[in-house]
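In: Got a sequence here, can you build the structure:
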Amino acid sequence: MASNRMKDYELVKKFIEGDQESIEVLINRHKNRVYTYILLIVKDQQLAEDIFQDTFIKVINSLKKGKYQEKGIFVSWVVRIAHNLIIDYYRKQKHLKTYSSEDGDLDVFNLKKLADENIEDIMINNQISSDVKKLVELLPDEQKEVIMLRHYGGLSFKEIAEQTEVSINTALGRMRYALINLRKIIETKNIILTRQ
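Out: Model prediction:
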């Protein structure tokens, strides 16, 4: 069977067994989706390329160390690694980007004011933004992905559907469940995300 026609899990298995061509097929198969995801969030081509390279270095090292278990879709695992590297980068920079949503589905994502803020406002908003990102991390991967693409990447639901290879209704459904789950987490943990 030609490598290009093999399923992801078969290629992973072959790579772990020592077949270097398998990882090249996997990278080529998923590079556009992973790179696009990174670029949509960081909005900087050079940074996206750096994080993309770091992502696949980490993927290769993790595969070699046996840290990958077939629990779902390989590309989702790779995107999660990329996502974590993006978060790590911004933590190091002490600067977490937020983009406002034009429809205002969830107020916690519309925290940046256009007016000049004093240092207290900036600190509070940064803390709220950080808290929201931590809450998003608690969501299932599919819901987390749609939140990241919509609110941090600025994609339309049509673009999200194309990017994640699902229908628009599925993308909308995932967002709906993500928002429901976020509200439940906020209520359960009695978290306050607004200024007192």
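In: Can you give me the domain assignment for the chain?
Out: 1-94, 96-196 (automatic domain parsing).
In: could those domains go into JSON lines alongside mean pLDDT and mean neighbour count?
Out: Any C-beta I mention is one placed from the backbone N, CA and C, and that applies to glycine too. Shown next, in JSON lines, are the domains of the chain (pLDDT from 0 to 100; neighbours: other C-beta atoms under 10 Å):
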{"stretch": "domain 1-94", "mean pLDDT": "86", "mean neighbour count": "15"}
{"stretch": "domain 96-196", "mean pLDDT": "71", "mean neighbour count": "15"}
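In: distance of the spatially most central residue of the chain from residue 139?
Out: When C-alpha atoms, centre = their mean is applied to the chain, the residue found nearest the centroid is residue 83 (4.3 Å). Applying C-beta to C-beta, to the nearest Å, the value for residue 83 to residue 139 is 12 Å.
In: Identify the residue spatially nearest to residue 39, adjacent ones excluded.
Out: residue 48 (4.1 Å; C-beta to C-beta, 6 or more residues apart in numbering).
In: Quick check: that neighbour touching residue 35?
Out: Yes. Look at residue 48 against residue 35 with C-beta atoms under 8 Å: they come within range, at 6.4 Å.
In: Is it correct that residue 161 is in contact with residue 173?
Out: No. Between residue 161 and residue 173 there is no contact under C-beta under 8 Å: 10.8 Å.
In: Can you tell me the element the residue lying closest to residue 45 once chain neighbours are set aside falls in?
Out: Nearest residue to residue 45, sequence neighbours excluded (C-beta to C-beta, 6+ apart): residue 39, at 6.7 Å. For residue 39, the element it lies in under DSSP states H and E is helix 20-42.
In: What lies in contact with that helix?
Out: By C-beta atoms under 8 Å, 6 or more residues apart in numbering, the residues outside helix 20-42 that reach it are 3-4, 6, 8, 11-12, 14-15, 45, 48-49, 51-52, 55-56, 60, 63, 74-75, 78-79, 82-83, 86, 89, 97, 148-149, 152-155, 163.
In: Okay, and which of these map to strands?
Out: Among the contacts of helix 20-42, none falls in strands (DSSP state E).
In: tell me what the helix or strand harbouring residue 171 is packed against?
Out: Taking DSSP H and E as the definition, one finds residue 171 inside helix 168-188. Contacts defined by 3 or more C-beta pairs under 8 Å, 6 or more residues apart in numbering; DSSP states H and E place helix 168-188 against helix 119-137, helix 141-147, helix 157-164.
In: Among those helices, single out whichever gets nearest to residue 181.
Out: Taking C-beta to C-beta, helix 141-147 is the member of the helices and strands packed on helix 168-188 nearest to residue 181, at 6.4 Å.
In: how far does the closest one sit from the chain's center?
Out: 7 Å (C-alpha atoms, centre = their mean, to the nearest Å).
In: oh, and call the first residue 809 from now on, that's how I've got it
Out: With 809 as the first residue, the last one maps to helix 949-955.
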